[in-house]
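>>> make a model of this:
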Amino acid sequence: MLPLEGERKPQPFLQTQFSEGPAVFSPDGRWLAYVSDESGRFEIYVQPFPGPGGKWQISTGGGTEPVWSPSGQELYYRNSDQMMAVDISTQPTFTVGKPRLLFRGRYERSSVSRAYYDGHQMASGS
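Below you'll find the predicted structure:
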C-alpha cells in the first residue's frame, strides 16, 4: 500500500509465511478479497480494508480469481472448472453465505491474471 498522506512510503497490506495471490477491492473499497494457501490449498479470504478487523474464509473446497459483483453483495471465484458464487453481507456485520455452483467451463490456466471476463474488467491477454 502507498499512503496518500504523510511519508508516502510503500508498505505491505498482508505479509505472512503463506502465498497470497491477486487481491480485489469491493465496490465500496472497504473489503479486500484475496487468495491464500494458508489452509494447505488456495482458498478465497476477505479482510476489511484498511483494517483492523478479522478475516473470513469464503471458499470451502479451493478457490482462485475472486471478483466482486457490482453491488458488493456477491463474490465470484473459480474452483478448477467451476464458477462459484457466495452471498456476502457487510451490514450490520460481515456474514458469508454457502458457496454455490453457477456453472462449469474450461479456463485457460494463468498465474498472474483471471482466466475469464467478468463484464467489467478483462484479464490480460484476453
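>>> make it CA atoms for all contacts and neighbour counts henceforth
OK.
>>> which residue lies nearest the spatial centre of the chain?
The centre of the chain sits closest to residue 33, judged by Cα atoms, centre = their mean, with a distance of 2.8 Å.
>>> quick one: pLDDT of that residue?
Turning to residue 33, the model gives it a pLDDT of 95.
>>> for it, helix, strand, or coil?
strand (DSSP: H, G, I helix; E, B strand; the rest coil).
>>> next one: residue 86
Residue 86 ends up strand, using three-state DSSP.
>>> residues in contact with it?
58, 74-76, 96-100 (Cα atoms under 8 Å, 6 or more residues apart in numbering).
>>> which among these end up buried?
Buried members of the contacts of residue 86, counted by 16 or more other Cα atoms under 10 Å: 58, 74-76, 96, 99.
>>> just put the residues you listed in JSON lines and tack on pLDDT and distance to residue 64.
Shown next, in JSON lines, are the buried ones among the contacts of residue 86 (pLDDT from 0 to 100; distance: Cα to Cα, whole Å):
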{"residue": "58", "pLDDT": "95", "distance to residue 64": "11"}
{"residue": "74", "pLDDT": "95", "distance to residue 64": "15"}
{"residue": "75", "pLDDT": "95", "distance to residue 64": "11"}
{"residue": "76", "pLDDT": "95", "distance to residue 64": "9"}
{"residue": "96", "pLDDT": "91", "distance to residue 64": "17"}
{"residue": "99", "pLDDT": "96", "distance to residue 64": "13"}
